[in-house]
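Peer 1: sharing a sequence plus its predicted fold:
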Amino acid sequence: MASQLLLATAASQPHRLSLAAAASATGSLVAEVGYALGALPPRGEWLSEELVLATGDWPLTVADLRELEPLLLRRGLRLVRVEAPAPEALVAAASLGVVTQLQRPGDGAGAAAHEPTAPTEPQGLGLTIHQGTLRSGDHLQVEGSVLLLGDVNPGARISAAGDVRVWGRLRGVAHAGCQGNHQARIVAMQLRPLQLRIAEAVARGPEDLPPRGYAEQALLVDGAIAIEPAEPIWGLPD
Amino acid sequence: MTPHQTRNILICSGKGGVGKTTLTANLGIALARQGVRTAVLDADFGLRNLDLLLGLENRIVFTAQEVLAGSCRLEQALVKHKQEPNLALLPAGNPRMLEWLKPEDMQAIVAMLAPSFDVVLIDCPAGIEDGFKNAVSAAQEAIVITTPEVSAVRDADRVIGLLNTHGIKPIQLVLNRVRPKMMANQEMLSVNDVTDILALPLLGLVVEDEQVIVSTNRGEPLTLGGSRSPAALAYSNVARRLQGEDVPLPDPAKMGRGLRAKLSRLIKTKIF
Ligand SMILES: Nc1ncnc2c1ncn2[C@@H]1O[C@H](COP(=O)(O)OP(=O)(O)O)[C@@H](O)[C@H]1O
Ligand SMILES: [Mg+2]
């Protein structure tokens, strides 16, 4: 299926662009968006300046979004929301201040083409996105996986049946796989927790300073918690 | 007279003994000296000592308790400061007040103060129990004070979380009992370490200063005599920043990891 552009029918509505499956396209995401927007009638003949972008299975990076900006601006459009199934895409959009929404498989034109890939996601529970820093005494507990846009401060806790992913600094206590999932992992831009737990394994956080510039992940290796550079593995097609 | 909006500012910390009452007294005097009509309200009914610090203990006749009970007028309970008539203290009642005081009572008190004052400083009790909740309910903004110690910062962080859920805004930070030498030797949390966790705008840095203790014992806040001690200067700068004046903070290079670390952080986190 090709990319679909649904024009707004009222001024209060945004237009909606659902990208086709990445595999069916030849160019980049930016090229695909540019191509799809070619279908827009001339300026002044449509009602809204707002655009919702559903990325389907396209990977979306901060660089893509910055490239998109002038392209949309030239057409008098403003990106108001990104809908994507992959946490990376949501994080990229959120880090630029764009509103994000988790796109479930089957929601959009592109998503149907691709199977959900995150292997550690307990079926049906999905990903919870939480915005804001957890402060001392806070406890965020989630049934599926969690993506936190903020820090986990010392004295705060975050736990999930699936993965714990922190777009920020993890300095409190994190528990992934809290209902026994041994595949669950903990990822953070800065991983210096007081304590880490994965399933029933417990480890004190490392005492040395975090490496600058790359994210780290903690996972179970032979029953013990190991820390290594994070790999961007979720939600992306192989 | 033009209508004015009274600022009800909570002074809180979570942990006890970090300098809330000292800040309330000194800030109150400093604001008064700068022409701001200021009331200080002792909401620490259990461990009241704001009156002591201000040297007003022996002039108290009525308290907030009698005002609330309707057995005296507000003006009768307010104790005006001798040297700084812009400052008045509303004394706390006896500790038994803790048992019946409700958030509505605190709100009623600040509403009574509003017509005659520009700023009401509320000296909050330590902890996060009822006394804290009563005090928060009367405030719109807050100053969180902490010392550069792990336990104090942890408690401050907890309090900030609670202030956020109460919709208190803005929340600003005063870092107290800073020892530049210990910081430079990394024997103490640095200014950066603290602001990194608490993520609040810094309203002031107050160094460890024995003059604070001397003045406390005398019942004459440091800011009263126009003292030139480092802490006195810090407190009056807090007062000026609180009124929106742009007073630079002491050189952070002398206090912690330095300006360069701060700048490189900014550059790294800025996306556009
Ligand atoms: N900057 C400072 N330098 C030295 N001593 C201080 C300083 N700030 C506070 N103190 C001392 O710390 C003690 C506790 O201060 P106080 O204001 O009563 O704390 P709180 O109201 O938070 O319990 C007092 O003895 C006070 O003199
Ligand atoms: Mg006190």
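Peer 2: Structure received. Residues are numbered from 1 along each chain as shown, chains lettered A, B, ... in the order given. Ligands and ions are numbered 1, 2, ... in the order given.

Peer 1: for stretch A:212-232, buried residues please.
Peer 2: A:A215, A:E216, A:Q217, A:A218, A:L219, A:L220, A:I225, A:I227, A:A230 (16 or more other Cβ atoms under 10 Å in any protein chain shown). C-beta here means a position set from N, CA and C on the backbone, and glycine is covered the same way.

Peer 1: quick one: that stretch to chain centroid distance?
Peer 2: Averaging C-alpha positions (Cα atoms, centre = their mean, to the nearest Å) puts stretch A:212-232 19 Å from its chain's average.

Peer 1: hmm, who's touching it?
Peer 2: Contact partners of stretch A:212-232, identified using Cβ atoms under 8 Å, 6 or more residues apart in numbering or on different chains, comprise A:88, A:174, A:176, A:182-191, A:196, A:198-199, A:201-203, A:206, A:210-211.

Peer 1: buried ones among those?
Peer 2: If we count by 16+ other Cβ under 10 Å, those have these buried: A:88, A:174, A:176, A:184-191, A:196, A:198-199, A:210.

Peer 1: just these: which are in helices?
Peer 2: A:E88 (DSSP state H).

Peer 1: among the buried ones among the contacts of stretch A:212-232, which pair sits farthest apart?
Peer 2: A:E88 and A:A199 (24.7 Å; Cβ to Cβ).

Peer 1: on that earlier part again, from the buried residues of stretch A:212-232, which is closest to chain B?
Peer 2: A:A215 (13.9 Å; Cβ to the nearest Cβ).

Peer 1: from A:P154, how far out is the closest one?
Peer 2: From A:A215 across to A:P154, the span is 19 Å (Cβ to Cβ, to the nearest Å).

Peer 1: just checking, B:I143 touches B:V206?
Peer 2: No - B:I143 lies out of contact with B:V206 (Cβ atoms under 8 Å); the separation is 11.8 Å.

Peer 1: B:I168 - how many residues pack around it?
Peer 2: 20 (other Cβ atoms under 10 Å in any protein chain shown).

Peer 1: what helix or strand does B:G16 sit in?
Peer 2: Counting by DSSP states H and E, B:G16 is held by no secondary-structure element, helix or strand.

Peer 1: need the contact list for it.
Peer 2: The contact partners of B:G16, taken as Cβ under 8 Å, 6+ apart, are B:L47, B:A126, B:G127.

Peer 1: distance check, the closest residue to the second one other than its chain neighbours against ligand 1.
Peer 2: In other words, B:A126. With Cβ to Cβ, 6 or more residues apart in numbering or on different chains as the criterion, B:A126 has its nearest non-adjacent residue at 3.5 Å, and that residue is B:G16. Distance of B:G16 to ligand 1, computed by Cβ to the nearest ligand atom, to the nearest Å: 5 Å.

Peer 1: any idea how far B:G16 lies from A:Q183?
Peer 2: According to Cβ to Cβ, B:G16 and A:Q183 sit 46 Å apart.

Peer 1: strands - which of the contacts of stretch A:212-232 land there?
Peer 2: Applying DSSP state E to those, the entries found in strands are A:174, A:176, A:186-191, A:196, A:198, A:201-203.

Peer 1: turn those into TSV, columns for pLDDT.
Peer 2: Formatted as TSV, the ones in strands among the contacts of stretch A:212-232 follow (pLDDT from 0 to 100):
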residue	pLDDT
A:A174	96
A:A176	97
A:I186	96
A:V187	95
A:A188	95
A:M189	91
A:Q190	92
A:L191	93
A:L196	94
A:I198	96
A:A201	94
A:V202	93
A:A203	93
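
Peer 1: what's the closest of those to A:L79?
Peer 2: A:M189 (23.8 Å).

Peer 1: host element of the one residue in chain A that gets nearest to ligand 2?
Peer 2: As assessed by Cβ to the ion, ligand 2 sits closest to A:S136 within chain A, at 21.0 Å. Using DSSP H and E, A:S136 sits in no helix or strand.

Peer 1: list the contacts for residue 159?
Peer 2: Using chain A here. Here A:S159 is in contact with A:H139, A:L140, A:Q141, A:V142, A:A174, A:H175, A:A176, A:C178, A:R197 (Cβ under 8 Å, 6+ apart).

Peer 1: please go with chain B instead
Peer 2: Counting by Cβ under 8 Å, 6+ apart, the residues that B:V159 touches are B:C12, B:S13, B:G14, B:I128, B:F132, B:V144.

Peer 1: excluding chain neighbours, what is closest to the residue of chain A closest to ligand 2?
Peer 2: Per Cβ to Cβ, 6+ apart, closest to A:S136 is A:G155, 3.1 Å.

Peer 1: and the biggest strand by length in chain B with ligand 2, contact?
Peer 2: Determined from DSSP E, the single longest strand within chain B is strand B:171-178. No - Strand B:171-178 lies out of reach of ligand 2 by Cβ under 5 Å from the ion, never closer than 12.4 Å.

Peer 1: now swap in stretch B:12-19 and tell me
Peer 2: No - against ligand 2, stretch B:12-19 shows no contacts by Cβ under 5 Å from the ion, the least distance being 7.0 Å.

Peer 1: return the distance of the most centrally placed residue in chain A relative to B:V159.
Peer 2: In chain A, the centroid-proximal residue (Cα atoms, centre = their mean) is A:P87; its distance is 1.8 Å. Distance, A:P87 to B:V159, by Cβ to Cβ: 32 Å.
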